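>>> Take this sequence and fold it.
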Amino acid sequence: MLSSNKKVLLVAQECNPNWTSVPLIAFKYCSELSKYVDLTLVTHSRNYNSLKGKEIGKIIQIKESKIESIWYKLAYYISGCRRWWPIIHILSYPLHIYFCKRVNKKFNSKIKKGEYDIVHIITPILPRYPAPLVDACKAMGIPLVIGPCNGGLEYPKSHWGVYFKEGGPLKFVANLFSHYKSVQHTYHNCSKILCGSYSTKKYIENICRHVDSKTEYMCENGIENVLSLKKIRFNIEKKLKCVYVGRLVPYKGCLFVIEAIKNLIRDGRQNIELIIIGSGPEENYYKKIVADYGLNEYITFLGWQPENVIQEYYRNFDILTFPSIREFGGAVVIEAMSNGCTPLIIERGGPFEVTTEKTAIYIKIGKKDEIILSIIKELKELMQDKSKLIDLSINGVKASKKYLWNRKIKRTIEIYNELKEAI
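Okay, here's the model as predicted:
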């Protein structure tokens, strides 16, 4: 492993233990890495209060200007409170460029003085942003690592309705950023590009020629521990216990599960329960549908819950119903498997990449009605006999071990060493 006297400058514009998704993943990456290296974290000031007191090395904040603060809030509201992510990505681009300029101004001289051995940029995670400190690192022969990056997975053609509802046409504008010279310059002059999914790896290699030798797959997500096989709880109740965890937005497929359960109940199959953990712009709409269908007895909305609470649901429930049609990450799938809960997922994207037929139940991508019918079929079979979940659960726990944070960080440090030795 990299010895503790090696200095790593880790740049994470988004890094926050109190948020979800990318900022939380960045924090966990940073926290684990700081155990093995002399780490300096550079992040935005909006994360600083949440990071104070955490054991993650030295923290340097890039303070927010008044104009930036106003622009950030404006982007939030214009995007429908983050409902239309392409708008957020478009409007956030100038904020990232501004962040990069201030990082360059603050650290270019330090890089040129050789104060750091490695520079690593981990957020933003999408593969369409230029990185700071590229030229300084190149000039001084200091390895610059980027990623894991993730994104680039297209909407399936059979779901154009969801594509437009999510502001999909604007994604075309956001994707143009990937072709900016500054982005091409970043990928051509960095030392290593970690790709959080194989679709992202392919995307980066397509938009930027001759970087194949620099790209490497490294799952964006990680887990802190894995349930002991002895502690797996096999639910012997006749009732099939399902849990959904994630934002309540169209593409994540929660509505598919609600519709499937509606059909099963109407067919007289009532030995099923669904707990929905999460929130989002579709929450009130989904609650109304559940009430209108008379499903309040079978479907419960819990809103966002702490991580330890979610883990208890995984350990006590049979399956994670997560039929997302465009999921390039899928941390919940790994977390569910590590706690003995079998994921039911679409055969596509990040969840498909981190599972096999021995660890998950697959639903083929298709039109909305076809997906719902497939979910009904799988749930109906499990309601009659849950025995196949035993092997799936055991295999899932075993398979999830390769996503432990300490293993991910071990590979990161191996990459640092390889790059330093190649100089």
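
>>> So which residues make contact with the strand or helix carrying His120?
Element membership of His120, judged by DSSP states H and E, is strand 118-123. Identification of contacts with strand 118-123 by CB atoms under 8 Å, 6 or more residues apart in numbering yields 6-15, 22-23, 26, 29-30, 37, 111, 131-133, 137, 142-148, 412, 416, 419-420. Using the backbone N, CA and C atoms, a C-beta is placed for each residue, glycine as well.

>>> and what of stretch 206-219?
Applying CB under 8 Å, 6+ apart, the contact partners of stretch 206-219 are 127, 147-148, 178-179, 183-184, 187-188, 190-198, 201, 204-205, 334, 353-354, 403, 408, 411-412, 415.

>>> Please identify the buried residues of it?
Neighbour-count burial for stretch 206-219, with 16 or more other CB atoms under 10 Å as criterion, is recorded at Ile207, Cys208, Val211, Lys214, Thr215, Met218, Cys219.

>>> Can you show me the strands along the stretch 251-400 of the chain?
Using DSSP state E, counting those that start in this stretch, the strands of the stretch 251-400 of the chain run over 272-277, 299-303, 319-322, 342-346, 361-363.

>>> And those: which comes nearest Leu229?
strand 342-346 (14.5 Å; CB to CB).

>>> what lines up beside the closest one in the sheet?
Sheet partners assigned to strand 342-346 using DSSP bridges are listed as strand 319-322 (parallel), strand 361-363 (parallel).

>>> Nearest to Cys341, out of those?
When the strands paired with strand 342-346 are compared by CB to CB, strand 319-322 sits nearest Cys341, at 5.2 Å.

>>> Let me see the mean pLDDT of the closest one.
Mean pLDDT, strand 319-322: 98.

>>> From the rest of the structure, what touches it?
Here strand 319-322 makes contact (CB under 8 Å, 6+ apart) with 240-246, 252-253, 257, 274, 314, 330, 332-333, 336, 341-345, 351, 361, 375, 382, 389.

>>> just how off-centre is that strand within its chain?
Counting by CA atoms, centre = their mean, to the nearest Å, strand 319-322 is centred 17 Å from the centre of its parent chain.

>>> residues contacting Leu379?
Leu240, Cys242, Ala260, Ile261, Leu264, Ile272.

>>> Tell me the gap between the helix or strand hosting the second one and the middle of its chain.
With elements taken from DSSP H and E, the one containing Cys242 is strand 240-245. From the chain centre to the centre of strand 240-245 is a distance of 20 Å (CA atoms, centre = their mean).

>>> Repeat that for stretch 257-275.
For stretch 257-275, the distance from its own C-alpha centre to the chain's C-alpha centre is 29 Å (CA atoms, centre = their mean).

>>> before we move on, what about stretch 130-147?
Relative to its parent chain, stretch 130-147 has a centroid offset of 25 Å by CA atoms, centre = their mean.

>>> Dump the C-alpha coordinates for that stretch into CSV.
The C-alpha trace of stretch 130-147 is given here as CSV (Å, rounded to 0.1, in the frame of the first residue of the first chain):
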residue,chain,number,x,y,z
PRO,A,130,-12.9,19.5,-17.4
ALA,A,131,-10.6,18.9,-14.4
PRO,A,132,-8.5,21.5,-12.6
LEU,A,133,-4.7,21.3,-12.3
VAL,A,134,-4.3,19.3,-15.5
ASP,A,135,-1.6,21.4,-17.0
ALA,A,136,0.3,21.9,-13.7
CYS,A,137,0.4,18.1,-13.1
LYS,A,138,1.4,17.4,-16.7
ALA,A,139,4.3,19.9,-16.5
MET,A,140,5.6,18.5,-13.2
GLY,A,141,5.1,14.8,-14.1
ILE,A,142,2.6,14.4,-11.2
PRO,A,143,0.0,11.6,-11.8
LEU,A,144,-3.5,13.0,-12.2
VAL,A,145,-6.3,10.4,-11.6
ILE,A,146,-9.9,11.1,-12.5
GLY,A,147,-13.0,9.2,-11.3
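
>>> hmm, back to that, buried residues in the strand holding His120, which are they?
Ile118, Val119, His120, Ile121, Ile122, Thr123.

>>> quick one on the thing from earlier: now for the strand holding Cys242, which elements pack on it?
helix 254-266, strand 272-277, helix 307-316, strand 319-322, helix 331-338, helix 368-384 (3 or more CB pairs under 8 Å, 6 or more residues apart in numbering; DSSP states H and E).

>>> Outside of the first one itself, list whatever touches it.
Residues outside helix 254-266 that contact it (CB under 8 Å, 6+ apart) are 242, 244, 246, 248, 270, 272, 274, 276, 278, 282, 286, 289-290, 293, 295, 298-299, 321, 323, 368, 371-372, 375-376, 379-380, 383.

>>> same check, this time on stretch 351-361
Residues outside stretch 351-361 that contact it (CB under 8 Å, 6+ apart): 197-198, 219, 221, 319, 322, 324, 327, 330, 333-334, 337, 342-346, 362, 378, 391-392, 395-396, 399, 403.

>>> If you go by neighbour count, which of the residues you listed are buried?
The neighbour-count test (16+ other CB under 10 Å) marks 197, 219, 221, 319, 322, 324, 327, 330, 333-334, 337, 342-346, 362, 378, 392, 395-396, 399, 403 as buried among the contacts of stretch 351-361.

>>> closest one to Leu91 among the helices and strands packed on strand 240-245?
helix 331-338 (25.4 Å).
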